[in-house]
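**Student:** from the sequence below, what's the structure:
(chains A and B)
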Number of protein chains: 2
Amino acid sequence: MRLISYARPGGAQAGAVIASHRGDLVVRLGPFTVEEIISDAQTLAATRGVVERAAASPEGLPLLADVQLLPPVRPGKIVCLGYNYRGHVPAGEDPTAGDPAYPDVFVKTPNVLGAPGDPVVLPRASTSVDYEGEIAIVIGRRAHDVPLESALDYVAGYALFNDISDRDWQGRSSQWELGKCFDGFGPLGPELVTADEVPDPQDLLVEVLRDGVVTVSQSTATMIFPMAFLVHYLSQVMTLEPGDVISTGTPQKLPQAQDEHRPLGHGDAVTIRVAGLGELTTTFIDPISTNQIGDRHDS
Amino acid sequence: MRLISYARPGGAQAGAVIASHRGDLVVRLGPFTVEEIISDAQTLAATRGVVERAAASPEGLPLLADVQLLPPVRPGKIVCLGYNYRGHVPAGEDPTAGDPAYPDVFVKTPNVLGAPGDPVVLPRASTSVDYEGEIAIVIGRRAHDVPLESALDYVAGYALFNDISDRDWQGRSSQWELGKCFDGFGPLGPELVTADEVPDPQDLLVEVLRDGVVTVSQSTATMIFPMAFLVHYLSQVMTLEPGDVISTGTPQKLPQAQDEHRPLGHGDAVTIRVAGLGELTTTFIDPISTNQIGDRHDS
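**Tutor:** Take a look at the predicted model:
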């Protein structure tokens, strides 16, 4: 299933997205939150039934394009990975030779959470804002000290996450946190795609486009610490709860993108794209110009 | 006021502590949470009235010793400071000479939160658990980009916090997070003492006792980044919300305590003590021996 949360007069509403000849449509899902749906097997099964019946007679369902998306879940924890993709390895060399012994893990605070389509207002204090296009694991079952073999059983599904970072603040001290925790520096979505629709999470191509130009293109096959290991490893430390997010790290930018990189400025748009998980586009705007996205300038 | 949260059949109950010849007593505070009380000036004022009236006729109020304390607040964020106290400075030297340019900030996840008196179960995966006795700022008003001069206006009050840390996990990678984020590694309390009862937060003696021996004794006057600056600085990055906690860092252990330090083991007890803020004692126990605190052994 493709689960979403969207705005309704009554507040956040859970929904499921189905394809149709009219385009993607939204099936409204009862009284439950997405967290409630993914954390209870019966509710999840019942939801699948509701979606199948709706798909059989989709007349009158609203277009996805007509709803205002919210983050698919509101994570109690947003745990992020530092360096977790291998760079280019020349033929004949051991690709694992440069692997670190342990994953480098940091945490983003709840104020970073952003909805798909929300512009990110470049903070007044920020000076060197960068993007990191990542695949986020969304936890479906409470996970404490879970074995590697069954770790993926605790994963509800996957979404896209932009680990937006201010490189200046990130580098001011030994800990990266403040560069990572500006308000809005964590857009999540557009959908939570349930794990059953992702045959192999270690065989996904992560692409990032900056203003239409591909700047990142790398497969999760080159991850140093695979998703199952991350759930297993983190669960030894912290009890993971339904809705918690583990963002699995960003591949390096392509060489030309690294050479041409400049901090994100007013009007810049970054799109994360993964087949099967959709696209997450974030536009960056100056604090003084919230209503002038078109009025572009370098900043 | 001395605000607490405690367990009742209906759930968490906010209260205020008043002294009496019978010992500390608990005044039950209406329907509000502590977060609701500290974040609304009218509710705070009304609460002061309730407490004053109760203090005038304290007969029948329950003893503080008879209630089960919960964390005084449930922070949406727990933001912590690394190195933030100066070491011993020989006479004649500039005490600020070794100060870092910026504070070193990290984040603890919500699963660390512990109640006063809760034992901390030493995680199976932990190998080198240490304590850090700290003063926690509790935010009272939403704070975004607040000037230094008025930063303390956004502080509801202060509590004690034990930034429990597994040194092995903390040192496994560049980021300390995993050593800091084990379940229960953040006892908070015993009370939220409102700021009006703390004439100068930069003139408090932080003492820590391990199994009755003083291992830390240093004044907040030796802080590198004072509390007002921390609120001002962090608010440039993240919007701080009522109930959010900023733990202001730990003084170094006394030389002898450093020499004699060993990881915390089953049955060890750590007490943080600050005049006016009370005492926060945490006992550490093995996971297999939750019912055998008396049955002490090295581990």
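**Student:** centre of the chain to the helix or strand residue A:134 falls within, how far?
**Tutor:** Taking DSSP states H and E as the criterion, residue A:134 maps to strand A:133-139. How far strand A:133-139 lies from its chain's middle: 5 Å, per C-alpha atoms, centre = their mean, to the nearest Å.
**Student:** name every strand pairing with that strand and say which way it goes.
**Tutor:** Applying DSSP bridges, strand A:133-139 is found paired with strand A:155-162 (antiparallel), strand A:245-247 (antiparallel).
**Student:** kindly reformat the ones you listed as JSON lines containing mean pLDDT and distance to residue B:111.
**Tutor:** Where C-beta positions appear, they are placed from N, C-alpha and C, glycine not excepted. Below are the strands paired with strand A:133-139 laid out as JSON lines (pLDDT from 0 to 100; distance: least, C-beta to C-beta, whole Å):
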{"stretch": "strand A:155-162", "mean pLDDT": "98", "distance to residue B:111": "18"}
{"stretch": "strand A:245-247", "mean pLDDT": "98", "distance to residue B:111": "14"}
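**Student:** got CSV for those strands, with mean neighbour count and distance to residue B:10 too?
**Tutor:** Formatted as CSV, these follow (neighbours: other C-beta atoms under 10 Å in any protein chain shown; distance: least, C-beta to C-beta, whole Å):
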stretch, mean neighbour count, distance to residue B:10
strand A:155-162, 27, 32
strand A:245-247, 26, 32
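**Student:** so for the strand holding residue A:134, mean pLDDT?
**Tutor:** Per-region confidence: strand A:133-139 scores 98 on mean pLDDT.
**Student:** ditto for stretch A:222-235
**Tutor:** Stretch A:222-235 comes out at a mean pLDDT of 98.
**Student:** check stretch A:10-26 too.
**Tutor:** Taken as a whole, stretch A:10-26 has a mean pLDDT of 96.
**Student:** run the chain-centre distance for that stretch.
**Tutor:** In terms of C-alpha atoms, centre = their mean, the centre of stretch A:10-26 is found 19 Å from the chain centre.
**Student:** now do the buried residues in that stretch.
**Tutor:** Buried residues in stretch A:10-26, counted by 16 or more other C-beta atoms under 10 Å in any protein chain shown: A:13, A:14, A:15, A:16, A:17, A:18, A:24, A:25, A:26.
**Student:** and residue A:130, how many neighbours?
**Tutor:** Neighbour count of residue A:130, defined by other C-beta atoms under 10 Å in any protein chain shown: 18.
**Student:** tell me which helix or strand the residue of chain A most remote from its centre sits in.
**Tutor:** Of all residues in chain A, residue A:92 has its C-alpha farthest from the mean position, at 33.8 Å, by C-alpha atoms, centre = their mean. Secondary-structure assignment from DSSP H and E places residue A:92 in no helical or strand segment.
**Student:** and the helices in the stretch 51-200 of chain A, which stretches?
**Tutor:** A:167-170, A:177-180 (DSSP state H, counting those that start in this stretch).
**Student:** contacts for the last one?
**Tutor:** The contact list for helix A:177-180 (C-beta atoms under 8 Å, 6 or more residues apart in numbering or on different chains) reads A:80, A:106-108, A:112, A:163-172, B:79, B:105-107, B:234, B:237.
**Student:** mind doing that once more with 6 Å?
**Tutor:** Counting contacts by C-beta atoms under 6 Å, 6 or more residues apart in numbering or on different chains, the residues outside helix A:177-180 that touch it are A:108, A:165, A:166, A:169, A:170, B:105, B:106, B:107, B:237.
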